[in-house]
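**Student:** sequence? don't have it. structure:
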């Protein structure tokens with residue numbers, strides 16, 4: 001990977017440029033473990049909570065967390081309900097027409113199928129996936145029958161109850177389910193994502209640049225890879 005060079009001075013400059021607002025509101029779903037979820041204390045937790053807090057510390061920003069349903073997470077960013085999205089959002093050309101993405105904070109990774117039995121026909125069966133995701137579009141493209149749900153948890157429940165033959169999602173979200181013994185991997189891993197990034201309004205380039213600088217600094221010092229391994233698992237792809 002070509003080395004990314006961004007000096008501490010550049011980080012401080014972009015941070016200062018973004019401080020026109022007192023508090024930066026980070027929007028997340030709170031229902032996509034291990035990326036983001038609500039813990040027993042009612043607080044946002046997971047990989048993206050730890051990542052977002054560290055990014056805000058490095059950028060010297062005061063941040064607060066806001067939760068929003070996935071299916072309206074971009075519209076509510078655009079309407080000003082929060083200032084950035086950090087919610088397991090894959091970077092796609094379609095989404096980039098509406099929002100600006102940061103540097104990716106995960107490398108390209110796989111999507112996977114899970115089911116309760118190996119005897120599943122993924123080409124003609126009923127596949128559950130979260131609505132408005134790269135996985136739901138892929139299921140449509142394969143010709144299988146898609147059952148869309150507002151959250152990963154709902155799509156997983158549909159598979160476990162037998163309403164769907166399998167569930168299809170980011171592999172990192174499937175791994176804990178398989179490790180618990182409630183499902184097994186079926187079929188082949190599918191490379192769909194070019195990475196996950198934060199999303200910003202196109203009218204906020206300075207704020208995006210501030211977080212870009214912080215993400216790059218975490219890539220360069222190895223902190224981001226350490227965080228990926230801790231929260232997403234030792235087998236999750238890391239930056240080289």
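**Tutor:** Arrived safely. For clarity, every value in this text was computed on a predicted model and none was experimentally measured.
**Student:** I'd say residue 105 and residue 211 touch.
**Tutor:** No. Using CB atoms under 8 Å, residue 105 is not in contact with residue 211; the gap is 9.2 Å. The way it works is simple: take the backbone N, C-alpha and C, and place the C-beta from them, glycine included.
**Student:** And the two? Which one has more around it.
**Tutor:** Between residue 105 and residue 211, counted using other CB atoms under 10 Å, residue 211 has the larger neighbour count: 28 against 24.
**Student:** Give the intersection of the neighbour lists for residue 105 and residue 211.
**Tutor:** The contact sets of residue 105 and residue 211 overlap at residue 198 (CB atoms under 8 Å, 6 or more residues apart in numbering).
**Student:** Compute the distance between the residue with the largest distance to the centre of the chain and residue 66, please.
**Tutor:** Distance from the centre of the chain peaks at residue 119, with 29.9 Å (CA atoms, centre = their mean). As judged by CB to CB, to the nearest Å, residue 119 and residue 66 stand 43 Å apart.
**Student:** for residue 120, same thing?
**Tutor:** When CB to CB is applied, the distance between residue 120 and residue 66 equals 38 Å.
**Student:** Mind checking which of these two has more residues around it?
**Tutor:** Using other CB under 10 Å, the more surrounded residue of residue 120 and residue 66 is residue 120, with 20 against 17.
**Student:** just checking, the more buried one touches residue 186?
**Tutor:** Yes. Shown here, residue 120 and residue 186 form a contact pair, counting by CB under 8 Å, at 5.2 Å.
**Student:** Find the residues that touch each one of these two.
**Tutor:** Both residue 120 and residue 186 are contacted by 113, 166, under the criterion CB under 8 Å, 6+ apart.
**Student:** quick one: buried residues of the helix or strand encompassing residue 57?
**Tutor:** Using DSSP states H and E, residue 57 sits within helix 47-58. Neighbour counts over helix 47-58 (16 or more other CB atoms under 10 Å) mark 47, 48, 49, 51, 52, 54, 55, 56, 58 as buried.
**Student:** same question, stretch 70-86
**Tutor:** Neighbour counts over stretch 70-86 (16+ other CB under 10 Å) mark 70, 73, 74, 77, 82, 83, 84, 85, 86 as buried.
**Student:** tell me the domain ranges of the chain?
**Tutor:** Split into domains by automatic domain parsing, the chain comes to 8-108+194-232, 110-191.
**Student:** From one end of the last one to the other, what's the distance?
**Tutor:** In this case it means domain 110-191. Taking CA to CA, to the nearest Å, the first and last residues of domain 110-191 lie 5 Å apart.
**Student:** which stretches of the protein form helices?
**Tutor:** Ranges of helices in the chain, per DSSP state H, are 8-17, 47-58, 73-78, 93-96, 134-142, 152-161, 171-180, 205-221, 223-232.
**Student:** What's the local residue count around residue 69?
**Tutor:** Considering only other CB under 10 Å, residue 69 is surrounded by 12 other residues.
**Student:** do the same with residue 130
**Tutor:** Neighbour count for residue 130, taken as other CB under 10 Å: 28.
**Student:** Quick check: beta-bridge partners of it?
**Tutor:** On the basis of DSSP bridges, residue 130 is bridged to residue 149.
**Student:** Name all residues that make contact with it.
**Tutor:** Counting by CB under 8 Å, 6+ apart, residue 130 touches 70, 136, 148, 149, 150, 151, 152, 154, 155, 169.
**Student:** dump the residue contacts of the residue nearest the centre of the chain.
**Tutor:** Nearest residue to the geometric centre of the chain (CA atoms, centre = their mean): residue 88, 0.9 Å. Residue 88 sits next to 29, 32, 35, 36, 48, 170, 173, 196 when contact means CB under 8 Å, 6+ apart.
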